[in-house]
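I would like to see how this sequence folds:
(2 chains)
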Amino acid sequence: MKAPPTTAGRREITGLSVIEDQALAMIAALASELAVARERIDTLERVLEENGVLDRTRIEDYRAEGEAAQQREGLRMRMIAKIFRPLRDAARRALEE
Amino acid sequence: MTSPIPALTHPMLPETNHDEMAQQLFIRDLKMWLGSEIEPLQGDIARKVDPGPAHNDRDAEAFARLHEVPAFRSWAGVFRASQELMWDDVWRSVDRQAEELDARAAQAALGSITLDPDFVPPAYLVDGHVHIMPGGYALDADGVRQGAMMDRGGAVYMLGRNGGFLNDGRGKSVLGHIYALYPDLRPTRILELGCGVGTSLLPIAQAFPEAESFGLDVGASMLRYAHARASHLGVAAHFVQGDAEHAPFPDASFDLVFSAALMHETSAEAIPRILAESHRLLRPGGVAVHLEVPSRYDSLDLWSQIRSQVERDYNNEPAWQAATSADYEALMRAAGFDAVAVGFQDAAWAPQPGQGGFGGESKGVFRSWFVASGRR
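Okay, the predicted model is just below:
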């Protein structure tokens, strides 16, 4: 993916520490990720249930291995980059100053 | 007469996959929740710290005092975080499908695009990116990315209040104003100053299909997107790179020059120059229409004034206060217009010749638009 362009003219919010600012942004991103994940799980369970393929108790018993475990690692890495984006943005701004 | 059923979307609009849709709905709902649940409380806090009507700088003082309240600072922080997260979500979605969008843009057969390789955008758009959109309006991103980000972001930001994914409520309200006050106008050449991705130009161009319609704006990527968007919507419009203060057209070359919510994204100094430029570009008998947000700063309550300052400082709407405080009657006359109309035009969804809807009172945000217009 291409890195998004940087934003010019971003002011500090008076009295809000730079790190508080970042923490709030991370929490907002985290909440978004959680909402997306919950929505996807809900889609999945409903589709599977409608098609009669899911016994929901099997979800509780499942353990990822091999390729499945690797793919999950990719998902985790993407999520980390997304949630902790404010660290990257702050560092890029610090470098521009 | 065109079909009364509006197209809800168009082929250039970036699509969303399952997760992107969930992200964008999350942002929309977060913004709505912040607005409906937290903002009224901020208004209460503002009234608590209000220095009172006798204070000679009441709104600025209240704004400063609010920053001493942690609950205000955390709200302001999340308010801006939601906007930055929206742009990040939209950017990722646009980036994923950028090649397909560029391929679709390459099929644009109607109208034209004229870029100026030596163009220098105005400083106010370079120093602060409006709506904190990364890269701003002027960035010449690859292909149509910047325009696609602006269009999709606008659709999420506006929450469907302004004509759905076509986002054409402002353009239709300009058209309503022309029908209300200049019913005899039959333009052969039309120009929009600050056309963005062309959302407002298209309904005007469609209403006057015999006219040549031009859109002027600063960003090459945004203009490539605007051209493709118009072409795919069946409109032959011409998009030109330039600055609304110094439009690259000769004197007296248009019958209709308009802007739609442009002024508050410029600067206090630019506003009178853009009004004068609209006069220079008109033929005798031609009409200029400048539409703006319906708030007039002096008539806002304290919280709404502070909310304007939040937009100005933390969402980079640099001239919000200037654009909602300016004396447009005087500025239009100084620009050379003799007959000037200043007031509020009803928001129009299906403007019709013979309609009215212009008066001295605002009916509120998204129900009215402020308009200053005049005839050369």
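
For residue 27, what is the enclosing helix or strand?
All of this is about chain A. Per DSSP states H and E, A:I27 falls inside helix A:18-50.

um, chain B though
helix B:18-33.

how about the helices in chain B?
B:18-33, B:39-49, B:58-66, B:70-96, B:98-106, B:123-127, B:145-157, B:169-181, B:201-207, B:220-232, B:270-281, B:302-314, B:320-325, B:328-334 (DSSP state H).

any chance of these in a markdown table, with mean neighbour count, mean pLDDT and distance to B:P134 too?
Using the backbone N, CA and C atoms, a C-beta is placed for each residue, glycine as well. Below are the helices of chain B laid out as a markdown table (neighbours: other CB atoms under 10 Å in any protein chain shown; pLDDT from 0 to 100; distance: least, CB to CB, whole Å):
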| stretch | mean neighbour count | mean pLDDT | distance to B:P134 |
| --- | --- | --- | --- |
| helix B:18-33 | 18 | 89 | 15 |
| helix B:39-49 | 15 | 92 | 25 |
| helix B:58-66 | 19 | 96 | 26 |
| helix B:70-96 | 21 | 95 | 6 |
| helix B:98-106 | 16 | 97 | 15 |
| helix B:123-127 | 16 | 95 | 14 |
| helix B:145-157 | 26 | 91 | 8 |
| helix B:169-181 | 25 | 96 | 24 |
| helix B:201-207 | 25 | 97 | 25 |
| helix B:220-232 | 27 | 97 | 12 |
| helix B:270-281 | 22 | 98 | 23 |
| helix B:302-314 | 20 | 94 | 15 |
| helix B:320-325 | 20 | 92 | 20 |
| helix B:328-334 | 18 | 97 | 32 |
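
Which one of those lies nearest to B:A244?
Shortest distance between B:A244 and the helices of chain B, using CB to CB, is found for helix B:270-281: 4.8 Å.

for B:H279, what are its contacts?
B:288, B:335-337, B:374, B:376 (CB atoms under 8 Å, 6 or more residues apart in numbering or on different chains).

same thing with A:R40?
By CB under 8 Å, 6+ apart, A:R40 lies in contact with B:18-19, B:22.

Likewise for B:P284?
Per CB under 8 Å, 6+ apart, neighbours of B:P284: B:252, B:376.

how about a cut-off of 6 Å?
B:R376 (CB atoms under 6 Å, 6 or more residues apart in numbering or on different chains).

cool, and B:D127?
Contacts of B:D127 by CB under 6 Å, 6+ apart are A:G9.

For B:N316, see how far away it is.
Distance, B:D127 to B:N316, using CB to CB, to the nearest Å: 9 Å.

Centre-most residue in the chain?
Since you didn't name a chain, this refers to chain A. By CA atoms, centre = their mean, chain A has its centre lying nearest to A:M79, at 3.6 Å.

should've been chain B
What sits nearest the mean C-alpha location of chain B, by CA atoms, centre = their mean, is B:A261, with 4.0 Å.

And the pLDDT at it?
pLDDT for B:A261: 95.

can you pull the contacts of it?
Contacts of B:A261 by CB under 6 Å, 6+ apart are B:R170.

Quick check on it: phi, psi?
phi 60, psi 40 (degrees, to the nearest 10).

Now do it against B:H67, distance only.
28 Å.

Write out the residues of chain A neighbouring chain B.
A:1-2, A:4-5, A:7-9, A:11, A:13-16, A:21, A:24-25, A:28-29, A:32, A:35-36, A:39 (CB under 6 Å from any CB of the partner chain).

Quick one: name the residues of the stretch 1-150 of chain B near chain A.
So the stretch 1-150 of chain B meets chain A at B:19, B:22-23, B:26, B:67, B:73, B:76-78, B:81-82, B:85, B:91, B:95, B:127-129, B:132, B:134-135, B:139 (CB under 6 Å from any CB).

To clarify, my last question referred to the stretch 251-376 of chain B.
Within the stretch 251-376 of chain B, the positions near chain A by CB under 6 Å from any CB are B:313, B:316.

what's the closest non-adjacent residue to B:T266?
B:A319 (5.3 Å; CB to CB, 6 or more residues apart in numbering or on different chains).

Give me the pLDDT value at the nearest residue to B:I178 once chain neighbours are set aside.
By the measure of CB to CB, 6+ apart, the closest residue to B:I178 outside its immediate chain neighbours is B:L185, 5.8 Å from it. Here the pLDDT value assigned to B:L185 is 96.

Equivalent analysis for B:G160, please.
Reading off the model, B:G160 has pLDDT 56.

how distant is the helix or strand bottoming out on mean pLDDT in chain A from the center of its chain?
Ranked by mean pLDDT, DSSP states H and E, the helix or strand of chain A with the weakest confidence is helix A:85-96, at a mean of 76. Averaging C-alpha positions (CA atoms, centre = their mean, to the nearest Å) puts helix A:85-96 18 Å from its chain's average.

can you check stretch B:179-190 too?
Worked out by CA atoms, centre = their mean, stretch B:179-190 lies 22 Å from the chain centre.

now stretch B:121-138
For stretch B:121-138, the distance to the chain centre is 14 Å (CA atoms, centre = their mean).

And that stretch, end to end?
Start-to-end span of stretch B:121-138 (CA to CA, to the nearest Å) is 7 Å.

out of everything not next to it in sequence, what's closest to B:F72?
B:L66 (4.3 Å).

do the same with B:G194
Nearest to B:G194 is B:L262, by CB to CB, 6+ apart, at 3.8 Å.

again, but for B:E15
B:Q97 is the one closest to B:E15 (CB to CB, 6+ apart), at 6.6 Å.

For that neighbour, the count of nearby residues, please.
For B:Q97, the neighbour count with other CB atoms under 10 Å in any protein chain shown is 17.

Distance check, A:A28 against A:R76.
For A:A28, the distance to A:R76 - CB to CB - is 20 Å.

quick one: which of those two has more around it?
Neighbour count, other CB under 10 Å: between A:A28 and A:R76, A:A28 has more, with 25 against 10.

right, and that one touches B:A81 too?
Yes: the pair A:A28 / B:A81 is scored as a contact, 4.2 Å apart, by CB atoms under 6 Å.

Quick check: phi and psi on B:V218?
phi -90, psi -20.

List the residues that contact it.
B:V218 neighbours (CB under 6 Å, 6+ apart): B:121, B:137-138.

Spit out the residues that contact B:D127 and B:N316 alike.
Taking CB under 6 Å, 6+ apart as the criterion, B:D127 and B:N316 both touch A:G9.

Going by length in residues, pull out the top strand of chain B.
strand B:282-292 (DSSP state E).

For the residue lying farthest from the centre of chain B, give me the pLDDT.
The outermost residue of chain B, judged against the average C-alpha position, is B:A54 (35.0 Å), by CA atoms, centre = their mean. We have a pLDDT of 95 for B:A54.

Check B:A339 too.
89.

how near is the closest residue to it other than its chain neighbours to B:T266?
Distances taken as CB to CB, 6+ apart put B:R375 closest to B:A339, at 5.3 Å, once the chain neighbours are dropped. Separation of B:R375 from B:T266 (CB to CB) stands at 23 Å.
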